[in-house]
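# Just a sequence and a predicted model for now, questions to come.
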Amino acid sequence: MAYKTLSPEEAYVILHKGTEAPFTGEYRNHKEKGTYRCRQCGTPLFSSDAKFDSGTGWPSFDEALPGAVKELPDSDGRRTEIVCAKCGGHLGHVFRGEGFTPKQTRHCVNSISLSFDADTAS
């Protein structure tokens, strides 16, 4: 399977499980309708309909597309890591029970782990 060649910053987050600085990512305040994809392999991950403003500094989604995101225990033992189910690229973490949305779920995602396809339907 051919993956996108990653910049050093992208590789730091996607391959080495880094985190981009809060309030700096390109998709944090992004409001356009469409689909967020894995930057490494292009798999659709989140619909813009699931995106909400959590005020935490990273893009937040209360639901992933079915089967697109895999949850793994984080190495710190306190959090749950989320990765692309297809390529295993690090996306961020998932948190539950915080009260941001009725779904009680926040997928906290690094912008640098994502690409975006605008909805072209009129």
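Here it is on my side, so go on.

# C-alpha only now, for contacts and for neighbours.
Noted.

# ok, what's across the strand from the residue most central in space within the chain?
In the chain, the residue lying closest to the centroid (Cα atoms, centre = their mean) is residue 109, at 3.3 Å. In this structure, residue 109 bridges to residue 92 when assessed by DSSP bridges.

# distance of it from residue 120?
Applying Cα to Cα, to the nearest Å, the value for residue 109 to residue 120 is 24 Å.

# Residue 106 too?
Counting by Cα to Cα - residue 106 and residue 120 are separated by 27 Å.

# Likewise for residue 90?
28 Å.

# about what we covered before: which residues touch the residue nearest to the centre of the chain?
With contact taken as Cα atoms under 8 Å, 6 or more residues apart in numbering, residue 109 is in contact with 58, 59, 60, 91, 92, 93.

# Out of those residues, which is nearest to residue 2?
residue 91 (18.9 Å; Cα to Cα).

# Run a quick neighbour tally on that closest one.
29 (other Cα atoms under 10 Å).

# contacts for stretch 77-95?
So stretch 77-95 is in contact with 13-17, 19, 38, 40-41, 43, 45, 67-74, 105-110, 113-114, going by Cα under 8 Å, 6+ apart.

# which among those residues end up buried?
13-15, 17, 19, 38, 40-41, 43, 45, 68-70, 105-110, 113-114 (16 or more other Cα atoms under 10 Å).

# Show only the entries of the residues you listed found in helices.
The members of the buried ones among the contacts of stretch 77-95 that map onto helices under DSSP state H are 13, 14.

# per-residue confidence at the nearest residue to residue 13 once chain neighbours are set aside?
For residue 13, ignoring the flanking residues on the chain, the nearest one in space by Cα to Cα, 6 or more residues apart in numbering is residue 19 at 5.6 Å. Residue 19 carries a pLDDT value of 96.

# If I look at the residue nearest to the centre of the chain, what pLDDT would I see?
Residue 109 is given a pLDDT of 98.

# Residue 2 too?
On the pLDDT scale, residue 2 gets 77.

# who are the neighbours in contact with it?
residue 41.

# let's have the chain start at 635 instead
I'll keep to 635 as the first residue from here, and by that count the last item is residue 636.

# Using the three-state scheme, assign it.
coil (DSSP: H, G, I helix; E, B strand; the rest coil).

# Okay then, goodbye and thanks.
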